[in-house]
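**Q** based on what follows, work out the 3D shape:
(one chain, ligands or ions: 1)
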Amino acid sequence: MIEEKEYLLRRKSFLKHLKNNSAALLFAAVPKVRSHDTNYPYRQESNFYYLSGFEEDSAALLFVKSKEGSKSYLFVHKKDPDEELWNGKRLGVKKAKKRFLVDEVFSYDTLNQELKKLLGSKRHIYYDFKLDYSKVKLIKRYAKAVESFHNGAAYIEKMRLRKSAAEIAEIRKAIKITKKAHHRAMQRAKSLSFEYELQAEFEYIFKKEGAQSDAYTTIVASGNNANTLHYISNRAKLDKETLILIDAGCEYNCYASDITRTIPASKRFSDAQRELYSLVLSVEKEIISMVRPAVLRSALQKRAEELLCEGMLALGILKGELDSLLESKAHKKYFPHGIGHWMGLDVHDQAPYKDEKGREIPLQAGMVLTVEPGIYIDKNDKSVPKKYRGIAIRIEDDILVTQDGYENLSKGIKKEIRDIESLASL
Ligand SMILES: [Mn+2]
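**A** The predicted structure is shown next:
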């Protein structure tokens, strides 16, 4: 639970950053049609949620800053018995006034009128530059005295870089549920026949344990399918000789978890699988151990590439001199992605990696990032010893940067070969 007081402090910080004689407008996410007249489950827009904690659609936050002072306004869908019969209860204006520590609450259907009054004299207007055009047009229509438009999302996303204690607590809850699901999958894999059956185990645990959603579509990629980085069809039959790469994490109160484990479809890793897995695991541990304030993410990337390149050279996957392989980035063929990303309200958290001057932002206490090295070898890659072909492995944990180092928030999720095999033989 994040307290109303914390949202108030976030809004104050946002208001402080705005120029004088300005206004900022943020919208709730627009419901999305799945087909004909049914929608996808609703998910709030992350920046709007970060400043409001409000879960409903048809809502907006307006900030106004002038010589007379700063004000925050929340627009919510009004109580409407006809609409509520079909789509559920709304909080409504009256209750919203009680719950939210904003200066004013208005009904969303008065937004245009209020914008006309409140935007007209402002010199600087902030909105999310990713906003859809119909809303941008609305803002521009009322911005009669504007000198400059600014991307309001940029500052919020900067605020989102470092998580508060309450946010970290939400992430911990998400990871706790995700841990149960991964352990269940490790136990159940041997007795299942299709990738989607494993996906079902995750969705079952996520829902049963109270997570509102998955944080992204679960990837259950067996054998060579794991060479497709965002494989989400999950339709294939499980070949018991292969490994299964499972990238799955739930979302709890809008906070993500993002965990990858690679497990045998049977009870045991083969020797070749074990060799590759041990390499990826040792690299993952080494990179996690480097996490502390002031370290650059690019340094983690560089070290991961060096270690993977060295390891693949030792296994005969790459051939030649280490220095020239690193120079020519030969390892990229087998490790094509980044070492990790910010995680928070979005699984790939929309927080900046560079500052305004284009300099990389170093790690700071309170940041949460994933560490996820991998090796992906296509079944048709004739340049690689035959025993490794068709094996793809990724291991991913969620890491909190602390004052003096790091905490692996997902350290309880098993990843040692012996631990995975003993879960599999239960
Ligand atoms: Mn990830």
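**Q** how far off centre is stretch 267-275?
**A** How far stretch 267-275 lies from its chain's middle: 31 Å, per Cα atoms, centre = their mean, to the nearest Å.
**Q** residues of that stretch that come out buried?
**A** Within stretch 267-275, the residues scored as buried using 16 or more other Cβ atoms under 10 Å are 267, 269-270, 272-273, 275. C-beta coordinates here come from the backbone N, C-alpha and C atoms, glycine included.
**Q** likewise for stretch 100-117?
**A** Neighbour counts over stretch 100-117 (16+ other Cβ under 10 Å) mark 100, 102, 105-108, 111, 114-115 as buried.
**Q** so residue 371 is in contact with residue 283, correct?
**A** No. Applying Cβ atoms under 8 Å as the test, residue 371 and residue 283 come out as separate, 9.3 Å apart.
**Q** okay, which residue is most central for the protein?
**A** residue 347 (0.6 Å; Cα atoms, centre = their mean).
**Q** show me what contacts it?
**A** Each residue near residue 347 by Cβ atoms under 8 Å, 6 or more residues apart in numbering is listed here: 215-216, 249, 251, 256, 258.
**Q** and the residues you listed, which is closest to the ion?
**A** Nearest to the ion, judged by Cβ to the ion, of the contacts of residue 347 is residue 258 at 4.2 Å.
**Q** and the strand or helix carrying residue 74, which strands flank it?
**A** Using DSSP states H and E, residue 74 maps to strand 69-76. Sheet pairing of strand 69-76 (DSSP bridges) gives strand 60-66 (antiparallel), strand 104-107 (parallel).
**Q** name the nearest residue to the residue of the stretch 301-426 of the chain found nearest the ion, sequence neighbours excluded.
**A** The nearest approach of the stretch 301-426 of the chain to the ion comes at residue 370, 4.4 Å away (Cβ to the ion). Nearest residue to residue 370 in three dimensions, chain neighbours excluded: residue 340, at 4.1 Å (Cβ to Cβ, 6 or more residues apart in numbering).
**Q** that neighbour: what secondary structure?
**A** coil (DSSP: H, G, I helix; E, B strand; the rest coil).
**Q** contact partners for it?
**A** Applying Cβ under 8 Å, 6+ apart, the residues near residue 340 are 297, 300, 369-372, 396, 399.
**Q** cool, and residue 31?
**A** By Cβ under 8 Å, 6+ apart, the neighbours of residue 31 are 39-40, 42, 57.
**Q** how near is the residue lying closest to residue 242 once chain neighbours are set aside to the ion?
**A** Leaving aside its chain neighbours, residue 242 sits nearest to residue 223 (3.5 Å; criterion: Cβ to Cβ, 6+ apart). To the ion, residue 223 is 21 Å away according to Cβ to the ion, to the nearest Å.
**Q** per-residue confidence at residue 223?
**A** Note for residue 223: predicted pLDDT of 97.
**Q** distance of it from residue 276?
**A** To residue 276, residue 223 is 13 Å away according to Cβ to Cβ, to the nearest Å.
**Q** what about these two, which has more around it?
**A** Between residue 223 and residue 276, counted using other Cβ atoms under 10 Å, the more crowded position is residue 276 (26 against 21).
**Q** ok, now which ones touch the more buried one?
**A** By Cβ under 8 Å, 6+ apart, the contact list for residue 276 reads 315, 375, 377, 388, 391, 393.
**Q** up against the ion, what does the stretch 201-350 of the chain have?
**A** residue 258 (Cβ under 5 Å from the ion).
**Q** let's see it at 6 Å
**A** Contacts of the stretch 201-350 of the chain with the ion, taken as Cβ under 6 Å from the ion, map to 258, 341.
**Q** next, residue 320: phi, psi?
**A** Main-chain dihedrals, residue 320, degrees, to the nearest 10: phi 130, psi -160.
**Q** near it, how many other residues are there?
**A** Per other Cβ under 10 Å, the neighbour tally for residue 320 reads 10.
**Q** tell me how far it lies from residue 43.
**A** 48 Å.
**Q** among the contacts of residue 31, which one lies nearest to the ion?
**A** Nearest to the ion among the contacts of residue 31, counting by Cβ to the ion, is residue 40 at 21.8 Å.
**Q** so how far is stretch 10-29 from its chain's centroid?
**A** For stretch 10-29, the distance to the chain centre is 24 Å (Cα atoms, centre = their mean).
**Q** helix or strand: which one has residue 415?
**A** Using DSSP H and E, no helix or strand contains residue 415.
**Q** grab the nearest non-local neighbour of it.
**A** Nearest residue to residue 415 in three dimensions, chain neighbours excluded: residue 395, at 5.7 Å (Cβ to Cβ, 6+ apart).
**Q** just to revisit the earlier point, can you list the buried residues of stretch 100-117 in a markdown table and add distance to the ion and pLDDT?
**A** Formatted as a markdown table, the buried residues of stretch 100-117 follow (distance: Cβ to the ion, whole Å; pLDDT from 0 to 100):
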| residue | distance to the ion | pLDDT |
| --- | --- | --- |
| 100 | 33 | 97 |
| 102 | 34 | 97 |
| 105 | 38 | 98 |
| 106 | 39 | 98 |
| 107 | 40 | 98 |
| 108 | 35 | 98 |
| 111 | 37 | 97 |
| 114 | 40 | 95 |
| 115 | 39 | 95 |
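**Q** confidence score at the residue nearest to residue 370?
**A** 98.
**Q** distance of it from residue 402?
**A** Computed as Cβ to Cβ, the residue 340 to residue 402 distance reads 16 Å.
**Q** and if you look at residue 260?
**A** To residue 402, residue 260 is 23 Å away according to Cβ to Cβ.
**Q** surely the residue of the stretch 301-426 of the chain closest to the ion touches residue 258?
**A** Yes. The pair residue 370 / residue 258 is scored as a contact, 5.3 Å apart, by Cβ under 8 Å.
**Q** out of the two, which sits in the busier spot?
**A** Neighbours were counted for residue 370 and for residue 258 using other Cβ under 10 Å; residue 258 has more, 29 against 24.
**Q** can you give the domain ranges for this structure?
**A** Here the domain assignment for the chain is 4-159, 165-424, based on automatic domain parsing.
**Q** which of the ones you listed is buried the deepest?
**A** Counting by mean count of other Cβ atoms under 10 Å, domain 165-424 has the highest mean neighbour count of these, with a mean of 19.
**Q** what about that domain, start to end distance?
**A** 35 Å (Cα to Cα, to the nearest Å).
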